[in-house]
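In: Just need the structure, nothing else, for what follows:
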Amino acid sequence: PRLHRREQIRSVCPLLVVKMRTPALLLIAASTLPATAVGSVRTGMTMRRPVSSTGCGSIRCTATEPPAASFPLTPLEVEYRERRRGLHPHKVEVLTQMEPYVGKHLNILKTVEDSWQPQDFLPDLCREDWREQVEAVRKECANLPDEVLVAVVGDTVTEEALPTYQTLLNTFEGMEDPTGTSQNPWARWSRGWTAEENRHGDLLNKFLYVSGRVDMRAMEVTVQNLIRDGFNPQGEKDPYRGIIYTSFQERATKISHQNVARLCGEYGAKTLAKLTTRIAGDEARHEMAYQLFFKEMLRIDPDGAIITFNNMMKAQITMPAELMTDGHNPRLFDDFSRVAQKIGVYTALDYADIIDYLVKEFEIEAFTGLSPDAQEAQEQVCKLPPRYKKLAERSLKSIGTAKEEDLHYKFSWLLRRA
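Out: Predicted coordinates for the structure are as follows:
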């Protein structure tokens, strides 16, 4: 089929790390990886070089429509697949070709039987010693500094906005779940990922409640506002953009939870450190999956994938909690991001390092035989990491010289202690 030309490359955004509204974390996740495995999860997969092939227009793509789906389709799905065209038809063809590949990797998601549940980390109120269990949690959390609590609550709010993220996945063409119970591997991935992610906010919310250190109503108001207001990651219904975004964001979330776990451990909150480490393990597993999916996109459609990757990395990656508000502080996310940077939970340098990591992990520089547009994109994106790192270092210096601030004035989540 005749392929549409790529969308115009958007102009470079004023540099992310400066305007970045950086941290935050999160997007997503869930697992039973042990703490020692967190941070060491890699795909172990060697990039398969694109084979020579003739292309259409300026984009070389080897996608072909499979003769038949390898999973059961309802009549509605059959009609939907025949009629759908959308904004990115050639990318939908790539995703259709990837269905068996995605199906083969659904085992990255854990079974319910093998998954941890929030109650595994919480006091059991059905036991006679429940008061002692609650008191133990409160004692552990008593010495957590307000800055660390701000980071934990910010992570929790972001995780609790999960309905927005599943809605977003369903907007990407080729990844939709048209019936809600589709057996399409993309739909099964989306539902399975959501089911694992759902435990994160649930666990953090309940733990903070038991800790007695947070104004829970203020946090709940923030969550409702965030889900109501949503967020726009500039996905443009483009499945390539969706997979690139999640490849980036899952890694960012993992880093944030790992650093929160480290800080909690330093201040004696061992249970909170343990559960945030477990959440980070889930994020590592999900990061691995999304990066595998994009590697397959690169194999099938190297030109289109590299052009889109460059567009995404040149522009600001929108953080999922960017629109958070508690109804009092209109700059809540900016203040939250600044605190997270100051205590090293998620910084401008982490942002730049993720871009560097993805360029190397996807072996962007190694691709040959690209179209002129893709070659230009390849050159541009490979030059970005050192540029962003310089800006990140400058940004961190300004954060380090900032004056002490009254966190209770800026964050309604915090309780004043006697």
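
In: Helices of the stretch 1-150 of the chain, residue ranges please.
Out: 16-19, 75-83, 89-104, 130-141, 146-160 (DSSP state H, counting those that start in this stretch).

In: all strands for the chain, in order.
Out: For the chain, no strands are identified by DSSP state E.

In: Pull out the buried residues from stretch 344-360.
Out: For stretch 344-360, a neighbour-count test (16 or more other CB atoms under 10 Å) marks 345-355, 358-359 as buried. All C-beta atoms are positioned from the backbone trio N, CA, C, and that covers glycine.

In: now these in CSV, with distance to residue 154?
Out: Listed next are those as CSV, based on distance: CB to CB, whole Å:
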residue, distance to residue 154
345, 9
346, 10
347, 14
348, 16
349, 19
350, 15
351, 16
352, 21
353, 20
354, 18
355, 22
358, 24
359, 28
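
In: Columns distance to residue 378 and pLDDT on top of the residues you listed, output as JSON lines?
Out: Below are those laid out as JSON lines (distance: CB to CB, whole Å; pLDDT from 0 to 100):
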{"residue": "345", "distance to residue 378": "33", "pLDDT": "98"}
{"residue": "346", "distance to residue 378": "28", "pLDDT": "97"}
{"residue": "347", "distance to residue 378": "28", "pLDDT": "96"}
{"residue": "348", "distance to residue 378": "25", "pLDDT": "95"}
{"residue": "349", "distance to residue 378": "24", "pLDDT": "96"}
{"residue": "350", "distance to residue 378": "24", "pLDDT": "97"}
{"residue": "351", "distance to residue 378": "21", "pLDDT": "97"}
{"residue": "352", "distance to residue 378": "19", "pLDDT": "97"}
{"residue": "353", "distance to residue 378": "20", "pLDDT": "98"}
{"residue": "354", "distance to residue 378": "19", "pLDDT": "98"}
{"residue": "355", "distance to residue 378": "14", "pLDDT": "98"}
{"residue": "358", "distance to residue 378": "13", "pLDDT": "98"}
{"residue": "359", "distance to residue 378": "10", "pLDDT": "98"}
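
In: Output the below-cut-off pLDDT ranges for the stretch 1-150 of the chain.
Out: Along the stretch 1-150 of the chain, the parts satisfying pLDDT under 70 run over 1-68, 85.

In: can you rerun that using 90?
Out: Where the stretch 1-150 of the chain drops to pLDDT under 90, the residues are 1-87.

In: Longest helix of this structure, counting residues only.
Out: helix 270-300 (DSSP state H).

In: quick check: mean pLDDT across it?
Out: The predicted model gives helix 270-300 an average pLDDT of 98.

In: and it, what does it pack onto?
Out: Packing partners of helix 270-300 (3 or more CB pairs under 8 Å, 6 or more residues apart in numbering; DSSP states H and E): helix 89-104, helix 130-141, helix 146-160, helix 185-211, helix 239-266, helix 302-314.

In: Could you export the ones you listed to JSON lines, including columns for distance to residue 229 and mean neighbour count?
Out: Converted to JSON lines, those look like this (distance: least, CB to CB, whole Å; neighbours: other CB atoms under 10 Å):
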{"stretch": "helix 89-104", "distance to residue 229": "28", "mean neighbour count": "19"}
{"stretch": "helix 130-141", "distance to residue 229": "30", "mean neighbour count": "15"}
{"stretch": "helix 146-160", "distance to residue 229": "12", "mean neighbour count": "26"}
{"stretch": "helix 185-211", "distance to residue 229": "17", "mean neighbour count": "21"}
{"stretch": "helix 239-266", "distance to residue 229": "18", "mean neighbour count": "24"}
{"stretch": "helix 302-314", "distance to residue 229": "23", "mean neighbour count": "26"}
